[in-house]
Structures are given as structure tokens and as C-alpha cells.
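> no sequence for this one, just the structure:
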């Protein structure tokens, strides 16, 4: 009988992580890159725990108590909270109306001339112009748009609605186009090659496979619009933010605390609604 081969001995376990050198290198590189940024921003978190600053912080937080809770004030807060939701919803609806046609105009998958492999010069130029418009809309913060519209239409919710509509229209249009172009284009191209219009190819080819993702992102943007509508109130665009700004200027900490608590509840409610809609779509 042939002699039995000696059994292979298991290799000893490494005594140290074989990838430690690479991790140390990248951590060091990140620290080298981050340090100039911290210096430029004068980031000094230890100032927060200095004795004098802790004393001032404690006095400031103590001014928030007790929270304002009179019936008249709570009724006003409820009314302004509802107005804040209305500003966000109306603004996002207008943003959706702005974004949809711009999305259809700049989505390459819906281009008939691109079926041959290269888009014609006219449609390609139109697509670049629309993408530039989307860049302009979303590059200008809604706070800046609100300042412009407060000068044009005066103080009130209208300025907030228009500001959200423009900035969020650019955001929705960009992301909508990216979602549509990342999907499977076979069904859409087949419809276009067989004589379907661009709208038919969109509704029967692109939309069914991307509807859940498009809706999920739209709902998320509605949640963000509620937060933005509060910030816009600080420049006179109405809603809960404008009342919060008035109370802060009057150094009325109790009213500020109550409105901040209502705002937290408002954002939590929007988060629950958006989560429920995402689950329903999923």
C-alpha cells in the first residue's frame, strides 16, 4: 500500500490585522486634509465647556422656562403651524409642476434622435439649456428666493411658496431625470421605435418601473419643505418661523420653547407620514 501523505498543517492565525497599515495611512491622510479645514473654520469645540460659556448657556436655557401655554397663544401657534404645512405643500406642488416638463425635456432616454446612438444637435442643445436652468434654480437657496419675493409680493406666505417652488423645482427636476435615466431603457426605446410619442413612452415605459422611487423622493422633499418653510419665516415669509423670529427678538424664551416643541412635533409627524407612504409604495 502506498504510504499515506502527511496531513497539511493549518496555517497559524495572524497576530495582527493585515490591513492595519492601509487603515493607518488613510486615517492619516484624512487628518491631514481635514486639519486645514478646521483651522479655516476656527473650529474650537472646547470653548463650549469653558466656565464662563457654560454659565451663559445655562442662563440662556433657563430663560426658556416655563413654556408659554395660554389658550390664545396656543391657538395662534396651531394656526401658524397649519400655515407652515400649507406653505410647504403648496410650494412643493408648484415645484412638481415646474420639474415635470423640465425633466421630460432633459431626459436622454426619451429622445427619439438618440435612438441611433447620437442625439441630434437641436435636441442636445435644448437638453443642455434645460439642465443649466435646473442648475440655476437649485443653486440659489430658497432663503435668497424668499428675500427676493418678499420685496416683490410683500411679507407673507406667498413669498415662501414661490421660494420653495423654484429651488425645489430645480432639485426635483435633477433627481427625477437621474432616476429615469438609471432605469432599464429597453421598453421605452421599443415604444419609441414603434411610433409612440414621448409622453406615451414615458407613461407606459419609464414611469411604471420608476414610480415607487420617484414618489419616495417627492415625499422626502415634502418633509424637507416643511423644515425650509420654518426657516423662510425668519425673512418674513410667514408661518411658524415668522412668529418664532418675533418671539426671539422680544427675548420671550417661553414662547420660543413652545414653538420649538411644536416644530419638533410637526417634523416628527411629517417623518411618520412619509415613512408610511414609503412602506405603502414598497
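Yep, that arrived. Please read these numbers as outputs of a predicted model, since none were measured by experiment.

> Show me where this protein has its helices.
20-40, 51-62, 71-106, 121-139, 142-153, 157-182, 186-193, 198-201, 207-232, 240-249, 253-281 (DSSP state H).

> Setting the sequence-adjacent residues aside, check what's closest to residue 213.
The shortest distance from residue 213 to any non-neighbouring residue, by C-beta to C-beta, 6 or more residues apart in numbering, is to residue 179 (5.4 Å). Where you see a C-beta, it was placed from the backbone N, CA and C, and this is true even at glycine.

> how much space between the residue nearest to residue 102 when sequence neighbours are not counted and residue 161?
The shortest distance from residue 102 to any non-neighbouring residue, by C-beta to C-beta, 6+ apart, is to residue 173 (4.3 Å). For residue 173, the distance to residue 161 equals 18 Å [C-beta to C-beta, to the nearest Å].

> Also residue 145?
In terms of C-beta to C-beta, residue 145 sits 10 Å off from residue 161.

> Equivalent analysis for residue 187, please.
37 Å.

> re earlier: from the helices of the chain, pick the one with the highest average neighbour count.
The highest average neighbour count among those, using mean count of other C-beta atoms under 10 Å, belongs to helix 157-182 at a mean of 23.

> and that one, what does it pack onto?
With contacts defined as 3 or more C-beta pairs under 8 Å, 6 or more residues apart in numbering; DSSP states H and E, the packing partners of helix 157-182 are helix 71-106, helix 121-139, helix 142-153, helix 207-232.

> just the angle between that helix and helix 121-139, please?
130 degrees (axes from the mean of the first three to the mean of the last three C-alpha atoms, to 10 degrees).

> For helix 157-182, what does the pLDDT average out to?
Helix 157-182 comes out with an average pLDDT of 88.

> now stretch 86-95
On average, stretch 86-95 scores 91.

> cool, stretch 31-50 as well?
79.

> now it, how far from the chain's geometric center?
27 Å (C-alpha atoms, centre = their mean, to the nearest Å).

> Just the endpoints, please. Distance across it?
This stretch, stretch 31-50, spans 26 Å end to end (C-alpha to C-alpha, to the nearest Å).

> Residues contacting that stretch, please?
53, 54, 57 (C-beta atoms under 8 Å, 6 or more residues apart in numbering).

> who does the helix or strand of the chain with the lowest mean pLDDT touch, helix- and strand-wise?
In the chain, no helix or strand scores lower on mean pLDDT, DSSP states H and E than helix 186-193, which sits at a mean of 72. Contact here means 3+ C-beta pairs under 8 Å, 6+ apart; on that basis helix 186-193 packs against helix 198-201.

> run the last query once more with 10 Å
When contacts are defined as 3 or more C-beta pairs under 10 Å, 6 or more residues apart in numbering; DSSP states H and E, helix 186-193 packs onto helix 198-201, helix 207-232.

> Just send those helices back as JSON lines, with distance to residue 257 too.
JSON lines is the format used below for the helices and strands packed on helix 186-193 (distance: least, C-beta to C-beta, whole Å):
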{"stretch": "helix 198-201", "distance to residue 257": "52"}
{"stretch": "helix 207-232", "distance to residue 257": "15"}
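
> mind putting the ones you listed in JSON lines, distance to residue 272 and mean pLDDT included?
Formatted as JSON lines, the helices and strands packed on helix 186-193 follow (distance: least, C-beta to C-beta, whole Å; pLDDT from 0 to 100):
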{"stretch": "helix 198-201", "distance to residue 272": "35", "mean pLDDT": "76"}
{"stretch": "helix 207-232", "distance to residue 272": "10", "mean pLDDT": "84"}
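
> Out of those helices, which gets nearest to residue 20?
helix 207-232 (38.9 Å; C-beta to C-beta).

> what angle sits between the closest one and helix 71-106?
Using the same axes, to 10 degrees: helix 207-232 against helix 71-106 is 140 degrees.

> Show me how far helix 207-232 is from its chain's centre.
8 Å.

> likewise stretch 159-172?
12 Å.

> i'd like the first residue to be 27 from this point on
Okay, residue one is now 27; in that scheme the one you just asked about reads as stretch 185-198.

> starting at the chain centroid, how far to the least confident helix or strand of the chain?
32 Å.
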